[in-house]
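Just to be clear, the model below is a prediction. Sequence and coordinates:
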Amino acid sequence: MSDDVKMWGDEEFWGIGYEYDPQFFLTERQREIQQDLIDLCRTTLRVNAVESDRGFIFPRKNFEALASKGLLGLFVPEELGGMGENHVAMCMVVEAVARYGCPSTAMCLTMHYGACSAALFRHHDNDALRDIMSRLDRDVLVGTLSYSDPETGSHFWYPVSSGAEATEDGWKVTKKASWTTSGGFADWYIVQTTSPDFGGDYSDLSVWLILADEVDADVAGWDGMGMRGNQSGALLVDGVTIPKNRMVGPKGDGAVSNDETVDPFFLLNSSCAWNGIAMGMIDIAKRHTTRKRHVDVGLRVCDYPTIQDYVGEAIIGTNASRMMTFGLAKALDELTGNCDWSIHRDLEAVPRADLLNQLWQVKFQAAKNVHEVSDKMLHACGGTAYKAGLGMERLLRDAKAGWVMGPTNEVLRQFVGKHALLGFDSLDYWNTSINHRSIDNEVKKMSAEEKKALADRLLEEAGTAAE
Ligand SMILES: Cc1cc2nc3c(=O)[nH]c(=O)nc-3n(C[C@H](O)[C@H](O)[C@H](O)COP(=O)(O)OP(=O)(O)OC[C@H]3O[C@@H](n4cnc5c(N)ncnc54)[C@H](O)[C@@H]3O)c2cc1C
């Protein structure tokens, strides 16, 4: 296999070559997986992407193709039949699927890998999780994450329309989710609710394994502008009774599970999807602008310096984002012994959580970059790109999901700014810390009468609360 010349079947690839890819992060084995995957994208995933987009079709066929290469269990330990690969390999795979194949599949794969991470984190003594992890590729078992709550929007860590209670031999779980990628098509779901015996503290969350026949999904309701194959509709787990071993990790493990697995894996992999879409659009721009000729001036579109500037800036911006993404993946590999899940036999081991503030930046940057690159590549290719034939407008619609997916880019830049200036506690995920400065400032504006009315109301409320 040559790593100098990127091949597309028997021919040289028509887009940007390996000279602009961060190949230096990859091992020899990972480069082989990559070449094989590019070929699978060429023959299968890319064709199916068009079908998925046109008909809002879940990319099951693409998952079957990925499973045939062992990629659903990419970072599942070898003892469970997986490939035992690491975070860098995972980034390469998600990016390649988005770039050369199908962005909707890349998003479904992002959620599948997120669900796998939550399961592997606590699989050690759990037969139900071990069974699923050992059959991912053989039985093409697609997993996903169902977190977002209709009442709290993109604050997916705050599930108010959910709950769970202990039964004699298991649990009764209720979950209302406003968005779930692969919803109604996945075979297993990682779901988060408030814990059994919930006493009003929304940081007390528990994680569940729910199976396909235990959910009601609004399959027909998905009408997204892009990512049309990802089928991210509403979902209901309607007071379903499940056995004891379907609790993932101990009771109350939700916040830790978020910080150590769901957040890091989602932030990293979704960034790879956005980077992959950006590179995919630059690839198409190269192919189109080098072939389209203006007869009057005898120049191709790529001969105009403006177009060269567009492409140069798009590559530089996207590669800055890819360096952040792969750099963080490498850092996670170093912290976890190359994604060795056995370290989590110790329930206190949460090395990835230390890099959460770095990972927020990665998702912000990747989503911002693809937002800009998608516009510029449309401009570079002109009106032809506005039509479906070139494949650009589909990627542009897919790209716009990056900014709005939770944690949204508005929320992320505020997390980073607040955290940097005021420390972690200031983020106040669960709306529990009191801003005394704001209270003092508002009270300062009140007349004596207004202060007295407020004091009376507060005394009455305090009295009621104390009863
Ligand atoms: C393609 C796609 C796939 C998805 N897949 C999944 C999935 O698999 N699982 C899942 O659980 N969810 C999923 N989601 C849901 C996603 O993560 C968000 O929950 C959803 O996009 C929120 O939409 P909303 O309209 O409720 O936004 P809102 O939360 O209402 O946001 C509206 C605006 O308010 C801003 N805003 C919100 N909070 C703040 C704040 N604190 N400070 C400043 N501004 C703020 C936002 O940034 C945004 O600009 C998916 C979404 C998309 C688009």
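Looks like it came in fine.

Kindly indicate whether Leu71 is helix, strand or coil.
coil (DSSP: H, G, I helix; E, B strand; the rest coil).

next one: phi and psi at it?
phi -80, psi -10 (degrees, to the nearest 10).

what's the neighbour count on it?
As a burial measure, Leu71 scores 27 neighbours (other C-beta atoms under 10 Å). (Each C-beta comes from the backbone N, C-alpha and C, glycine too.)

Enumerate every residue touching it.
Residues near Leu71 by C-beta atoms under 8 Å, 6 or more residues apart in numbering: Ile33, Leu37, Met83, Val93, Asp137.

The residue in the chain that the ligand sits nearest to and Leu40, how far apart?
Here the chain gets closest to the ligand at one residue, Gly153, 2.5 Å apart by C-beta to the nearest ligand atom. Gly153 sits 36 Å away from Leu40, going by C-beta to C-beta, to the nearest Å.

between the two, which one's more packed in?
Leu40 (21 against 14).

Would you agree that one is in contact with Glu64?
No. Using C-beta atoms under 8 Å as the test, Leu40 is too far from Glu64 to be in contact (11.0 Å).

Output the below-cut-off pLDDT ranges for the protein.
Within the chain, the ranges that satisfy pLDDT under 70 run 1-3.

which bits of it sit near the ligand?
For the chain, the contact set with the ligand under C-beta under 6 Å from any ligand atom comprises 111, 144-148, 153-154, 156, 177, 179-181, 224, 227, 230, 232, 401, 404-406, 408, 410-411, 414.

From Ala453, how far off is Arg413?
Distance from Arg413 to Ala453, counting by C-beta to C-beta: 38 Å.

between those two, which one's more packed in?
Neighbour totals were compared for Arg413 and Ala453, and Arg413 leads with 15 against 12 (other C-beta under 10 Å).

Just the helices from the stretch 101-250 of the chain, written as ranges.
103-121, 127-135 (DSSP state H, counting those that start in this stretch).

And the contacts of the helix or strand hosting Glu442?
Using DSSP states H and E, the element containing Glu442 is helix 436-444. With C-beta under 8 Å, 6+ apart as the test, helix 436-444 has contacts from Lys451, Leu454.

if we go to 10 Å?
With contacts defined as C-beta atoms under 10 Å, 6 or more residues apart in numbering, helix 436-444 is touched by Asn435, Glu450, Lys451, Leu454, Ala455.

Mind checking which of the residues you listed land in helices?
Assigned to helices by DSSP state H, the following of the contacts of helix 436-444 qualify: Glu450, Lys451, Leu454, Ala455.

Go through the residues you listed and say which is closest to Trp171.
Leu454 (43.1 Å; C-beta to C-beta).

burial count for the closest one?
Leu454 has 13 nearby residues by other C-beta under 10 Å.

what sits against it?
So Leu454 contacts Glu442, Val443, Met446 (C-beta under 10 Å, 6+ apart).

now swap in Leu37 and tell me
So Leu37 contacts Leu45, Ala65, Leu66, Lys69, Leu71, Met92, Val93, Glu95, Ala96, Val97, Tyr100, Gly101 (C-beta under 10 Å, 6+ apart).

Quick one: those as a markdown table, columns for distance to Leu395 and secondary structure too.
Shown next, in a markdown table, are the contacts of Leu37 (distance: C-beta to C-beta, whole Å; DSSP: H, G, I helix; E, B strand; the rest coil):
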| residue | distance to Leu395 | secondary structure |
| --- | --- | --- |
| Leu45 | 14 | helix |
| Ala65 | 20 | helix |
| Leu66 | 20 | helix |
| Lys69 | 24 | coil |
| Leu71 | 22 | coil |
| Met92 | 19 | helix |
| Val93 | 19 | helix |
| Glu95 | 14 | helix |
| Ala96 | 15 | helix |
| Val97 | 13 | helix |
| Tyr100 | 12 | helix |
| Gly101 | 12 | helix |
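
So which of those residues is surrounded by the most neighbours?
Neighbour-wise, those (other C-beta under 10 Å) top out at Val97, 32 neighbours.

Would you mind measuring from Val297 to Gly84?
56 Å.

out of those two, which sits in the more crowded spot?
Gly84 (18 against 9).

if I pick the more buried one, what's in contact with it?
Here Gly84 is in contact with Gly73, Leu74, Phe75, Val76, Pro77, Glu78, Asn338, Cys339, Asp340, Trp341 (criterion: C-beta under 10 Å, 6+ apart).

What subset of those residues is buried?
Gly73, Leu74, Phe75, Val76, Pro77, Cys339, Trp341 (16 or more other C-beta atoms under 10 Å).

any chance of these in TSV, with secondary structure too?
Formatted as TSV, the buried ones among the contacts of Gly84 follow (three-state DSSP):
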residue	secondary structure
Gly73	coil
Leu74	coil
Phe75	coil
Val76	coil
Pro77	coil
Cys339	coil
Trp341	helix
